[in-house]
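Visitor: dropping a prediction and its sequence here:
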Amino acid sequence: MSYYERHLFFCTNCREDGNCCEAFGASEMRTYAKKRAKELGIHGKGQIRVNNAGCLDRCNEGPVAVVYPEGTWYTYVDAADVDEIIQEHLLNGRVVERLQI
């Protein structure tokens, strides 16, 4: 068994030219997702881990997040989108096609 069932990584890279996920509030969305996962009781060993990542090299599609082990890439606009990723993908194992890159 894997230590975590799924990992949700948020690119929180910040570039001087502003072409980066951090320019879209990525750190705030990662913090929000981690808080929600804890509130839902799904954060921790054997469950879900929410992390920040350095540059994931998809800046022109940002902001971006990726769920492993599936390797499903998402973009998002706000907390409602992040909630949908948590509810549908992390809790129910269903890809959120409208947010998928």
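Guide: Yep, that arrived.
Visitor: contacting residues for the residue nearest the centre of the chain?
Guide: In the chain, the residue lying closest to the centroid (C-alpha atoms, centre = their mean) is residue 65, at 3.9 Å. Shown in contact with residue 65 (C-beta atoms under 8 Å, 6 or more residues apart in numbering): 8-11, 29-30, 33, 73-76, 82, 85. C-beta: built from backbone N, CA, C; applies to glycine.
Visitor: that one sits in which helix or strand?
Guide: Element membership for residue 65, per DSSP states H and E: strand 64-68.
Visitor: mind listing what's buried along the next helix or strand after that strand?
Guide: Using DSSP H and E, the helix or strand that follows strand 64-68 towards the C-terminus is strand 72-75. Within strand 72-75, the residues scored as buried using 16 or more other C-beta atoms under 10 Å are 72, 74, 75.
Visitor: isn't the second one up against residue 98?
Guide: Looking back up the chat, that one is residue 74. No: using C-beta atoms under 8 Å, residue 74 makes no contact with residue 98, being 9.7 Å away.
Visitor: make a PyMOL selection of the buried ones in the contacts of residue 65.
Guide: To isolate the buried subset of the contacts of residue 65 in PyMOL, counting by 16+ other C-beta under 10 Å, use the following:
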select buried, resi 8+9+10+11+29+30+33+74+75+76+82+85
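Visitor: would JSON lines of the contacts of residue 65 with pLDDT and distance to residue 46 be doable?
Guide: What follows is the contacts of residue 65, written out as JSON lines (pLDDT from 0 to 100; distance: C-beta to C-beta, whole Å):
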{"residue": "8", "pLDDT": "98", "distance to residue 46": "15"}
{"residue": "9", "pLDDT": "97", "distance to residue 46": "18"}
{"residue": "10", "pLDDT": "97", "distance to residue 46": "21"}
{"residue": "11", "pLDDT": "95", "distance to residue 46": "25"}
{"residue": "29", "pLDDT": "97", "distance to residue 46": "24"}
{"residue": "30", "pLDDT": "97", "distance to residue 46": "21"}
{"residue": "33", "pLDDT": "98", "distance to residue 46": "18"}
{"residue": "73", "pLDDT": "98", "distance to residue 46": "24"}
{"residue": "74", "pLDDT": "98", "distance to residue 46": "23"}
{"residue": "75", "pLDDT": "97", "distance to residue 46": "28"}
{"residue": "76", "pLDDT": "97", "distance to residue 46": "26"}
{"residue": "82", "pLDDT": "98", "distance to residue 46": "22"}
{"residue": "85", "pLDDT": "98", "distance to residue 46": "20"}
